[in-house]
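[1] show me the folded form of this:
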Amino acid sequence: MITTSPAQGLTKAHGVTGLRAAVGVLEKWQASSDQACRILRISRSTYTRAKQRDPEWSVGLDADQMQRISFVLNIHAALRGIFDNPENVYGFPAMANDNEFFNGRAPLDIMSQGDMISLYETFRRIDALRGAQW
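    Down below sits the predicted model:
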């Protein structure tokens, strides 16, 4: 049985698919498991299960977690629009950045502070690099 979240109209299967995609992106960004768990606000066991790709596994995600998944996937999409090569697409989040807001810190370090505003502001600044206006 697939259940639907009334607030979002998404099934648990959608959440699992999004979570697995976000975990895969975070791994390619070289995020540690602790960083990934803080960014997505998930437990270590949920992170481990998401990596295992068990087709029978299901998890209930709240709106905050779904929004975090969305930010990770949208940051990834922005990076793919900015850079042509995989080294930059996947390497940029772990690189020290001297631009305003980052002040020498890597985007992953900012995002893994765990608060939603840090994740949002990181997305906003990376998205602006491809010409997006807020």
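[2] could you use CA atoms for every contact and neighbour count after this?
    Fine.
[3] can you tell me the SS state at Arg20?
    Secondary structure, DSSP: H, G, I helix; E, B strand; the rest coil: Arg20 is helix.
[4] show me where the protein has strands.
    Secondary structure of the chain by DSSP state E: the strands cover 4-5, 10-11.
[5] for the protein, longest helix please?
    Once the chain is assigned using DSSP state H, the helix that runs over the most residues is helix 63-82.
[6] ok so, going back, which of the strands of the chain has the lowest average pLDDT?
    Of all the strands of the chain, strand 4-5 carries the lowest average pLDDT, namely a mean of 42.
[7] buried stuff in the longest helix of the chain?
    65-76, 78-80, 82 (16 or more other Cα atoms under 10 Å).
[8] contacts only, for Val23.
    36, 47, 50-51 (Cα atoms under 8 Å, 6 or more residues apart in numbering).
[9] just the buried residues of those residues.
    Buried among the contacts of Val23 by 16+ other Cα under 10 Å: 36, 47, 50.
[10] with respect to Gly15, which of these is nearest?
    Relative to Gly15, the closest of the buried ones among the contacts of Val23 is Ala50; by Cα to Cα it sits at 10.6 Å.
[11] His129 touches Phe83, doesn't it?
    To be clear, residue 129 is Leu; His isn't right here. No. At 10.3 Å, Leu129 and Phe83 do not qualify as touching, with contact defined as Cα atoms under 8 Å.
[12] ok, now how distant is the residue minimising distance to the centre of the chain from Pro55?
    Nearest to the geometric centre of the chain sits Val72, at 2.4 Å (Cα atoms, centre = their mean). Remark: distance between Val72 and Pro55 (Cα to Cα, to the nearest Å) = 22 Å.
[13] again, but for Ala21
    Ala21 is 14 Å from Pro55, by Cα to Cα.
[14] more neighbours: those two, which one.
    A side-by-side neighbour count of Ala21 and Pro55, using other Cα atoms under 10 Å, places Ala21 first with 17 against 8.
[15] and that one, what is it in contact with?
    Taking Cα under 8 Å, 6+ apart, one finds Leu73 in contact with Ala21.
[16] quick check: it vs Asp127, distance?
    19 Å.
[17] please consider this matter closed, and thank you.
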